[in-house]
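1. Could you work out the structure for the sequence below:
(2 chains)
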2 protein chains.
Amino acid sequence: MAGVGTIFDLADRRREADEPHSPVVRFGVGKPLRLDAGVDFAPWQIAYQTYGTLNADRSNAVLVCHALTGDQHVVNEHPVTGKPGWWETMVGPGLPIDTERFFVICPNVVGGCMGTSGPAATNPATGMPWGLEFPVITVRDMVRAQAMLLDHLGIESLFAVAGGSMGGMQVLQWAASYPDRVFAALPIAAATRHSAQNIAFHEVGRQAVMADPEWRGGRYFAENTNPRRGLAVARMGAHITYLSDAALHRKFGRRFQDRDNPTFSFDADFQVESYLRHQGITFVERFDANSYLYLTRAMDYFDLAADYDGVVANAFRGTPTRFCVISFTSDWLFPTSESRAIVHALNAAGARVSFAEITTDKGHDAFLLDEPELFAIVRGFLEGAAKARGLPAR
Amino acid sequence: MAGVGTIFDLADRRREADEPHSPVVRFGVGKPLRLDAGVDFAPWQIAYQTYGTLNADRSNAVLVCHALTGDQHVVNEHPVTGKPGWWETMVGPGLPIDTERFFVICPNVVGGCMGTSGPAATNPATGMPWGLEFPVITVRDMVRAQAMLLDHLGIESLFAVAGGSMGGMQVLQWAASYPDRVFAALPIAAATRHSAQNIAFHEVGRQAVMADPEWRGGRYFAENTNPRRGLAVARMGAHITYLSDAALHRKFGRRFQDRDNPTFSFDADFQVESYLRHQGITFVERFDANSYLYLTRAMDYFDLAADYDGVVANAFRGTPTRFCVISFTSDWLFPTSESRAIVHALNAAGARVSFAEITTDKGHDAFLLDEPELFAIVRGFLEGAAKARGLPAR
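-> Now for the predicted structure:
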């Protein structure tokens, strides 16, 4: 594969956006994607991975929705970084989302950069990447695109939809937009709307990207530049919000990097500085700066109640879906109070819902990490749902 | 004054760093400032403001220590921005730090950019601003410089030292380094060491500045460039940490700026975005990018225990100083737990200490805002201390 073990350059990334290392479905001008921005977008494409086998009834499909900087490569080697998939702890044979039992589908979101239409993909009208000419998209647009993919794959009804963070927003949108297509929903570390503080953090990240002169108004592919410094700063700032003060203290404290005393300089004296710089540098190798702008914007715009007269519960009235809402005690980006608001709305709507707040110091990113309690809850919830759905016992 | 009502350019800022609009004391080569970095720094200068009158006993002096982006202009029109001073709510005739009673002194910190030696000041060896040739400084260096200023002014003993945030760090360092010179100490929203998360946020801000090509390795004065975009991003990110989720929600929520619906663009759609951009833009007019690097670094290095065998209490053993420690419930940058740690150390050292946690949703910046409970506590503490010091009743 292009990127593995090599330096993955802009040309490689551009190719991945059009010709991904995964299955891709292309929709022509007759099958436009209707966007909230008021555009019928076509042609367009959606890239995805699958794991496991669809049963004869087509009743065991689990849609996994990825977070802001995730992609469809849930449990396979990543074609750009060569690293393992992002949810190896959760998805796989015998794991909570059991690929010996379920047919797992994960599409790259619209606006992403790994093969689904987004700003890094080629605009057929110009032969160059869309850049900021790509329409601004929403979480609902992502979900609408996924529904068209499932139609194409002949999957009428999903056994479950699961995801954390922006993935959890998609789960909620799925349950609201297509209640009859979702048997069970697992929004993890999510919220029905992005808070003012979260919008603020995203705006700082976007400004960091746009402040980089190599961003060139979004035309860095055409101008053969690379806004890597701006994007790295954005990632560093965001990364702090994915962790917790306690986790940072436990992992790094005030320890110095490779020395006992301060250097009295602006080198990365502290381990936490070095760690963050590394996070920034590795991120820019694999992610598109414009995609970062589009996806953060989509999260900012997310406000489920806005489409339902300002009342979240209205999004779920009479829903047949069963829900399991999960939050983490140390998550300050999507705090437990946000998950409680989801649960209250579901209760008000008369939905079947269970709720778990998991005690951990790992912060928002806990949904991606080794959290035995999380695995037990997801396993138990899917087990119960599978029985209710009439799937064969394990 | 140069800047008021006009656009304050780099040349004006450079002049302010050498020839401030406030009193300044210049120390020659015979009076070097000994720095923790191991340098005897000379010549050097310290700029300051005073308010009120020193009494005949020289016993009514209150040292106010400013925070990261503050300066000596506590309660006078700012020479660069033309705005009121940064602590107009706290300091003045009849206010808690009563200038009819106390002689208030506020020096600009070493490393700052408003007339005390720092990276924006002229290096006599080159005739150009120091930039990164300026030695890296610490909170202890700031305090050492202030002690030399007080010696020069003939003030042996301070009635009180007060400050919030980085100012609170200086208050703690004053009490530790010069216990016999501090009758009463008021560290507000402070900590005995900077946490890993806070170091992380500072590092992102520094990287934002250094990623700006106009920063030019710190030589922007010489090259006539201005890293305003990088510094604005740094300020925007930091500003979020000074507030609270609740305050942002109360002030801005998810309201759009000058419209009812999203623009589906990367304009500042939300009020909170617009507000943050404004914070960034106004900050870069008045502050020096290199000073921002030096002062954030000084805060990161602050670790009072490190100089006392790892035990904070050892910094205060046998101290004659009386303390009033204040924190704010919604401050997540210097949370109450940090203030409690100060109080525990002071108790362990047998010091006289009172502690107040003030309930507010305003976050870290509450110390600068209209907080009646804060004013009442400061007033009461200084009243009691004044009586103990034998100052005449009001």
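2. Spell out which parts of the stretch 251-394 of chain A neighbour chain B.
-> A:251-254, A:262, A:264-266, A:268-270, A:272-273, A:276-277, A:280, A:293, A:297, A:300-301, A:303, A:332 (Cβ under 8 Å from any Cβ of the partner chain). No exception for glycine: its C-beta is placed from N, CA and C like everyone else's.
3. So stretch A:22-35, near chain B or not?
-> No. Contact of stretch A:22-35 with chain B is not found when judged by Cβ under 8 Å from any Cβ; the minimum separation is 8.6 Å.
4. hmm, who's touching that stretch?
-> Residues from elsewhere that reach stretch A:22-35 (Cβ atoms under 8 Å, 6 or more residues apart in numbering or on different chains): A:40-50, A:72-73, A:79, A:108, A:110, A:114-117, A:135, A:137-138, A:141, A:144-145, A:148-149, A:152-153.
5. Is there a quick PyMOL command that grabs whichever of those are buried?
-> The PyMOL command for the buried members of those (criterion: 16 or more other Cβ atoms under 10 Å in any protein chain shown) is given here:
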select buried, chain A and resi 41+44+45+46+47+48+49+50+72+73+79+108+110+114+115+116+117+135+137+138+141+144+145+148+149+153
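6. near chain B, from the contacts of stretch A:22-35?
-> A:P135.
7. Report the buried members of the residues of the stretch 251-394 of chain A next to chain B.
-> Among those, those classed as buried by 16+ other Cβ under 10 Å are A:252, A:254, A:262, A:264, A:266, A:268-270, A:272-273, A:276-277, A:280, A:293, A:297, A:300-301, A:303, A:332.
8. Filter the residues of the stretch 251-394 of chain A next to chain B down to just the ones in helices.
-> Among these, DSSP state H puts A:K251, A:V272, A:E273, A:L276, A:R277, A:G280, A:L293, A:R297, A:D300, A:Y301 in helices.
9. The second one reaches B:N198, doesn't it?
-> Pointing back at A:V272 there. No. Under the criterion of Cβ atoms under 8 Å, A:V272 makes no contact with B:N198, lying 9.6 Å away.
10. and the nearest residue to A:F316 once chain neighbours are set aside, how many neighbours?
-> Excluding the flanking residues, the one nearest A:F316 by Cβ to Cβ, 6 or more residues apart in numbering or on different chains is A:A349, at 3.8 Å. Other residues lying near A:A349 total 17 when counted by other Cβ atoms under 10 Å in any protein chain shown.
11. Equivalent analysis for A:E100, please.
-> By other Cβ under 10 Å, 12 other residues sit near A:E100.
12. That one: what secondary structure?
-> coil (DSSP: H, G, I helix; E, B strand; the rest coil).
13. if you skip the residues just before and after it, what's nearest to it?
-> Spatial nearest neighbour of A:E100, chain neighbours left out: A:P93 (4.8 Å); criterion: Cβ to Cβ, 6+ apart.
14. Ok, A:F328 next?
-> A:F328's closest residue in space is A:A366 (Cβ to Cβ, 6+ apart), at 4.3 Å.
15. Contacts only, for the one you found.
-> Per Cβ under 8 Å, 6+ apart, neighbours of A:A366: A:A189, A:F328, A:S330, A:D331, A:I358, A:T360, A:L374.
16. Now do stretch A:9-23: distance to the chain's middle.
-> Here stretch A:9-23 shows a centroid-to-chain-centroid distance of 19 Å under the convention Cα atoms, centre = their mean, to the nearest Å.
17. For it, which residues meet the burial criterion?
-> Residues A:L10, A:D12, A:R13, A:R14, A:R15, A:E16, A:A17, A:P20, A:H21, A:S22, A:P23 are the ones in stretch A:9-23 that count as buried (16+ other Cβ under 10 Å).
18. Now do the end-to-end distance for that stretch.
-> 22 Å (Cα to Cα, to the nearest Å).
19. ok, now stretch A:361-376?
-> Taking Cα to Cα, the first and last residues of stretch A:361-376 lie 18 Å apart.
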